[in-house]
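In: Prediction below, plus the sequence it came from.
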Amino acid sequence: MQAKLYICGYIMIIHQFYDKGLAHASYAVIRTGKMIVIDPARNPQPYYDFAAQHDADIVGVIETHPHADFVSSHLEIHQTTNAVIYCSKLTGATYPHETFDDGDAIQLNDIKLKALNTPGHSPDSICILLENEEGKETAIFTGDTLFVGDVGRPDLRENVGNITAKKEELAKQMYQSTRQKLMTLPKSVIVYPAHGPGSLCGKNMSPDLESTIGRELRENYALQPMDELTFVKTLTTDQPFVPHYFGYDVDLNKAGAPSFQQSVDNVSRINAETPLEKDAIIIDTRPKQQFRSGHLKGAINLQNGEKFETWLGSIIKPTEVFYLVADNTADLDMFIKKAAKIGYEKNIKAGVLIPAGATETSADLNLDDFKTDTDKYTIVDVRNRGEVNEGMIFKNGISIPLPELRDRLDEIPADKPIVIHCAAGYRSAAAASIVAATIKQVPVYDLGEVIVEFAETIH
């Protein structure tokens, strides 16, 4: 997405950078050769390239809050370009910065970027209101406060960050922020959020990546008329799970992350014949058919996909290290960079191409037998709680969401063959590899994509 607005013969550019893997939107605002970056991703190179393409100097970076779901490059951009970092004084930032709160404004030639304190998703959240050269409120960058069709979840800052708060208190603050600060803006103001569909920072995001205040007033469930108590109950109910890495990323962003490329380059790459440490965690990124045909003992099959980073940080804790296995050098480099987007490059003990000793194979399910009598099997449903609440696909299934599986393996009976399923096959491949590495008494099967057939016919 890129908008070009012509003001007094000059162009103002608003450009959205979108990372589908983390459903993360960041922005560049350019006016007469000066550029401000808002909520940048871990890799700063796209912002440098965009600035060069438009012959602009990056003069500022704004952080709407310390993000939980990705690592920001704000400190690296400052160190490289000398751009000023702006954030709320409530952030408790330990990197060089200027505070940016209610009443503060950044003059970008003849336009203004004004801070609005909008606590709710976090105690230190801000939105950035753009005024054109005539003082007209034109656009607002809402961070994780307001999304298209949703508002930010209030339960991520109960134990981390400079200021902590219970979800109910933050939900009350979100009620006030939306009613007093955002819903009072002109309906024509364009809304640019920090996330789109698939992000775990909300529960009901639209596929659209921009909106207007007017549209949100009409369509956003959280902006409809309701009292504060109803709003709090609505907002704190049915939020998605919280990945293990979220709290770690809040603290990392509060301090500022090290250089992206240097961090990636520092990851050790070892020869395929080098023995791996015994009992080490191994993340095998190859497609599941390759994995099933031969893998290292105990390996977890986490394939490439749009949400690889999220699932990596949901299965592996920030305190754990792991080997990263890939099929070729290009894939290995790609997965290391994906891990770095959530700050997990430091967790990689080494990257390695698939070793010759990868001889463990996965069991093949007799689908006809399973269809004939599902009661002969222990069925484990690794979908998220919100999905399960809409209905179990198998009445005799055991619900253990994938992020909790490694800690709840002792809840799975080992007296019958085990069949793992999710909603489409991606998560079940990872889950089956986790269960099979521990439970050896009976075969462990991945139902895979076939689950779609059952979801349509079994109630």
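Out: That came through, no problem. Keep in mind that what you see is a predicted model, and the values were worked out from it rather than measured.

In: Can you list the helices and strands that the helix or strand hosting residue 217 packs against?
Out: If you go by DSSP states H and E, residue 217 is part of helix 213-219. Packed against helix 213-219, as judged by 3 or more CB pairs under 8 Å, 6 or more residues apart in numbering; DSSP states H and E, are the following elements: strand 190-193. Just so you know, the C-beta spots here come from the backbone N, C-alpha and C atoms, and that holds for glycine as well.

In: Look at residue 229 and tell me its secondary structure.
Out: At residue 229 the chain is in helix, as set by DSSP: H, G, I helix; E, B strand; the rest coil.

In: What of residue 120?
Out: Under three-state DSSP, residue 120 comes out as coil.

In: and what of residue 451?
Out: On the three-state scheme (three-state DSSP), residue 451 is labelled helix.

In: Give me the neighbour count for it.
Out: Residue 451: 23 surrounding residues under other CB atoms under 10 Å.

In: Could you find the closest non-adjacent residue to it?
Out: In this structure, residue 451 finds its nearest non-sequential neighbour in residue 421, 4.5 Å apart by CB to CB, 6 or more residues apart in numbering.

In: On the strand side of things, show who that neighbour bridges to.
Out: residue 381 (DSSP bridges).

In: contacting residues for residue 257?
Out: Neighbouring residues of residue 257 by CB atoms under 8 Å, 6 or more residues apart in numbering: 42, 71-73, 75-76, 263, 343.

In: taking those one by one, which sit in helices?
Out: Filtering these for membership in helices, criterion DSSP state H, returns 75-76, 263.

In: Residue 85: which of those is nearest?
Out: Closest approach between the ones in helices among the contacts of residue 257 and residue 85, by CB to CB: residue 75, at 7.1 Å.

In: The closest one and residue 95 touch, don't they?
Out: Yes: using CB atoms under 8 Å, residue 75 makes contact with residue 95 at a distance of 4.8 Å.

In: Which residues are in contact with each of these two?
Out: Contact with both residue 75 and residue 95 is made by residues 85, 256, according to CB under 8 Å, 6+ apart.

In: which one of those two has more residues nearby?
Out: More crowded of residue 75 and residue 95, by other CB under 10 Å: residue 75, with 23 against 17.

In: Now that one. Nearest residue, chain neighbours left out?
Out: What sits nearest to residue 75 in space, not counting adjacent residues and going by CB to CB, 6+ apart, is residue 256, at 3.0 Å.

In: Need the phi and psi values for that neighbour.
Out: Residue 256 adopts backbone torsions of phi 100, psi 130, taken as degrees, to the nearest 10.

In: What's the local residue count around it?
Out: By other CB under 10 Å, the residues close to residue 256 number 21.

In: And residue 262, by the same measure?
Out: Applying other CB under 10 Å, we find 9 other residues in the vicinity of residue 262.

In: Please report how far it lies from residue 76.
Out: Separation of residue 262 from residue 76 (CB to CB, to the nearest Å): 9 Å.

In: Tell me who's in contact with the residue nearest to residue 27 when sequence neighbours are not counted.
Out: Excluding its sequence neighbours, the residue lying closest to residue 27 (CB to CB, 6+ apart) is residue 38, at 4.2 Å. Applying CB under 8 Å, 6+ apart, one finds that residue 38 lies in contact with 26-29, 61-62, 64, 128, 141.
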